[in-house]
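Enquirer: Need coordinates for the following:
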Amino acid sequence: MAAPSPASTDIAPTRPHRWLSSAVVLWYLLALVLAFPPFGLKWGVLFFLVPFVAWARTAPAWRDFMGAALGASWVAWFLILIWLRHIYPPWGWVALAALSAEAAIFPTAWMLALRWAGPRMATASPGRALLGVFALAGWWVVLDWTRSWLFSGYLWLPLSAAFWHDPLFLQPAAWTGQAGVTFLVVALNLGLGCGLHFLSSQKNETRGMRLRVALGRPEIYAPILLFCAVFLVWSPLYLFPRLANRQTQAAPLLTAGVVQPWTPADTKWSAERANLNWQVLQDLTLSLRNQDLDVVVWPEAAPPFAVQGPGTEDARDHLQKLVDAEGKPLLFGAVAFGETSSTVAEPARRLYNALFIMNPLGGLEKTFYAKRKLVPFGEFVPYRTWFPALGKVVPLDDTSPGIWDSLLSLTLTNGRKLAVGPLICYEDIFPQLARAETAKGADFFVVVTNDAWYGTEGGATQHATHSVLRAVENRRPLLRCGNDGWSGWIDEFGFARALEQAGGPTGNISLDPASGEDLTTYFRGVGVFKMYRDRDYDGVESFYVRHGDWFVALSAVLAAAGLVVLRKQ
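Expert: Numbering: from 1, shown residues only. As a prediction, the model looks like this:
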């Protein structure tokens with residue numbers, strides 16, 4: 001919901017108490033930062049905006065309010081993304097400052113609308129005030145959608161991701177996408193914030209009088225009732241009967257062996273360590289030889305050599321010998337070189353970050369998937385043609401984006417074929433990619449990634465939260481393989497099974513990721529996952545897959561309606 005200039009309001013701004021803005025900012029920071037991994041105190045997202053909402057309704061001075069909003073937003077994202085500092089130090093600190101500043105633009109834009117709308121909602125009729133709540137919740141959704149494509153797109157940790165361990169709160173995503181969950185979370189914050197402001201403004205009234213007045217203010221209780229109706233009534237009624245019938249509803253999909261090599265990021269492409277890195281992959285893969293598997297999965301860019309393009313024949317031979325010895329298909333991420341048309345005499349070579357399938361005795365499948373969403377300053381330098389100096393500051397050879405959105409065909413040992421929806425690295429943060437693959441007929445998703453760049457803090461786990469959202473939105477199982485974690489699989493309803501280590505040299509499978517203080521997903525090892533799919537969704541598209549971002553469009557309509565109505569206030 002766009003906000004007019006501060007000068008357009010006729011509500012006199014007030015100066016806060018000296019301590020008020022600091023308390024509001026501190027509440028916002030603690031509640032939001034602690035809600036996401038590595039802390040996982042998810043309930044924080046239900047309350048983090050409450051003090052800002054209550055404060056906005058008092059018509060604070062624009063400078064005070066927006067200064068606090070901008071500072072809180074930037075510091076919160078700085079702390080959430082603190083793991084970025086590990087990338088190419090000290091350049092990681094520069095990336096952290098820049099990316100957190102970019103991410104802070106969007107909550108600050110929302111706070112701008114909140115400051116404009118808050119005082120108007122406080123004096124508006126009940127209907128207009130309630131529309132204001134839904135308009136502001138819709139504006140947050142629109143901003144989330146905007147950051148999924150603006151500046152090359154970075155929809156990292158929408159509010160719904162805080163519930164990645166609690167599928168009860170994620171089920172609406174199969175109809176609305178993750179945006180619907182976020183909408184309800186923001187609406188709840190607004191309702192509670194309006195209630196907090198009401199209680200502080202009515203503190204001299206009797207309890208009975210406060211109750212009678214509150215019942216006439218639906219912007220307080222309607223968002224709370226809606227949140228409770230969806231997550232405490234509808235969601236259990238939908239989810240629990242399906243869980244009770246899992247024995248009859250769950251059909252075997254495949255058994256996958258996941259290899260987590262934990263290759264150090266700083267030596268990933270070191271010529272001196274290439275043989276060692278390759279030996280680790282071989283040893284871990286062959287340790288699965290006696291397991292009853294359908295496929296072995298490696299993470300993103302796993303082998304220390306390219307497997308496609310001129311001069312890669314010997315590398316493919318080494319790989320083929322390993323696959324033949326293991327005896328199972330290998331689904332793996334690797335670097336590939338491609339030839340393209342060129343205006344010069346010699347053909348241009350393009351570098352791809354790709355996903356391949358190699359079969360025992362059958363060689364490399366001709367069809368492979370090349371990553372389409374590349375990481376800025378990690379795989380390419382954005383705006384290089386506009387700012388040539390960037391290429392000197394960041395001496396990086398650009399990876400070429402893939403142009404194929406085709407699925408991969410995986411043939412199991414029993415001859416059954418499955419359509420694989422491939423996603424590489426942070427492509428799982430983009431809902432439209434997974435949705436398009438489901439619409440094309442994907443039976444399940446495979447996400448391969450390398451998060452070793454980010455240390456052993458919250459980076460890899462934050463990344464994994466998006467895979468849970470994609471599984472629920474599309475009602476498709478998802479298999480995930482990371483170089484150093486998070487590896488595991490997620491069913492159609494968002495229940496995640498992680499590859500974890502509990503104090504010993506081998507990985508143990510847990511039904512609850514990071515379920516104890518002594519468990520970690522950061523280690524070198526292998527795991528075996530028996531994946532299932534729900535019979536009700538076998539080949540069936542979810543409402544979200546069929547209709548796309550309809551809820552984002554609805555949210556935009558609500559935001560526009562709120563702007564029109566509250567302008568008249």
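Enquirer: where does the residue nearest to the spatial centre of the chain fall, helix, sheet strand or coil?
Expert: The residue lying closest to the centre of the chain (C-alpha atoms, centre = their mean) is residue 466, at 2.9 Å. Classification of residue 466 using DSSP: H, G, I helix; E, B strand; the rest coil returns helix.
Enquirer: Now that it has come up, it's in contact with residue 423, right?
Expert: No. Contact between residue 466 and residue 423 fails when scored by C-beta atoms under 8 Å: they sit 9.6 Å apart. Glycine gets a C-beta too; all of them are placed from N, C-alpha and C.
Enquirer: what mean pLDDT does stretch 25-39 have?
Expert: What stretch 25-39 shows for mean pLDDT is 96.
Enquirer: contacts for it?
Expert: Residues outside stretch 25-39 that contact it (C-beta atoms under 8 Å, 6 or more residues apart in numbering): 41-45, 47-52, 68, 71-72, 75-76, 79-80, 157, 161-162, 457-458, 461-462, 465, 514.
Enquirer: of those residues, buried ones?
Expert: Listed as buried from the contacts of stretch 25-39 are 42, 44-45, 47-52, 68, 71-72, 75-76, 79-80, 157, 161-162, 458, 461-462, 465, 514; burial here means 16 or more other C-beta atoms under 10 Å.
Enquirer: So for the lengthiest helix in the chain, what gets flagged as buried?
Expert: Counting by DSSP state H, the longest helix found in the chain is helix 91-123. For helix 91-123, the neighbour count (16+ other C-beta under 10 Å) marks 92, 94-96, 99-100, 103-122 as buried.
Enquirer: quick one: secondary structure of residue 418?
Expert: Per three-state DSSP, residue 418 ends up strand.
Enquirer: what about this structure, any weak spots by pLDDT?
Expert: By pLDDT under 70, the low-scoring segments of the chain are 1-18, 203-215, 339-349, 377-397, 502-518.
Enquirer: hang on, the earlier thing: list the contacts of the residue nearest to the centre of the chain.
Expert: 156, 161, 426, 428-429.
Enquirer: Make TSV out of those residues and add distance to residue 361 and secondary structure.
Expert: Converted to TSV, these look like this (distance: C-beta to C-beta, whole Å; DSSP: H, G, I helix; E, B strand; the rest coil):
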residue	distance to residue 361	secondary structure
156	42	coil
161	42	helix
426	35	helix
428	32	helix
429	37	helix
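Enquirer: ok, so of these, who is nearest residue 291?
Expert: residue 428 (26.3 Å; C-beta to C-beta).
Enquirer: quick one: that closest one and residue 490, what's the gap?
Expert: 11 Å (C-beta to C-beta, to the nearest Å).
Enquirer: Residue 446 too?
Expert: If you go by C-beta to C-beta, the gap between residue 446 and residue 490 works out to 12 Å.
Enquirer: the helices in the stretch 401-550 of the chain, which residues?
Expert: 431-439, 459-474, 543-547, 550-567 (DSSP state H, counting those that start in this stretch).
Enquirer: Tell me what residue 496 is bridged to.
Expert: Beta-bridge pairing for residue 496 (DSSP bridges): residue 490.
Enquirer: what sits in contact with each of residue 446 and residue 490?
Expert: What both residue 446 and residue 490 touch, as defined by C-beta under 8 Å, 6+ apart, is the set 478, 480.
Enquirer: Which one of those two is surrounded by more residues?
Expert: residue 490 (29 against 25; other C-beta atoms under 10 Å).
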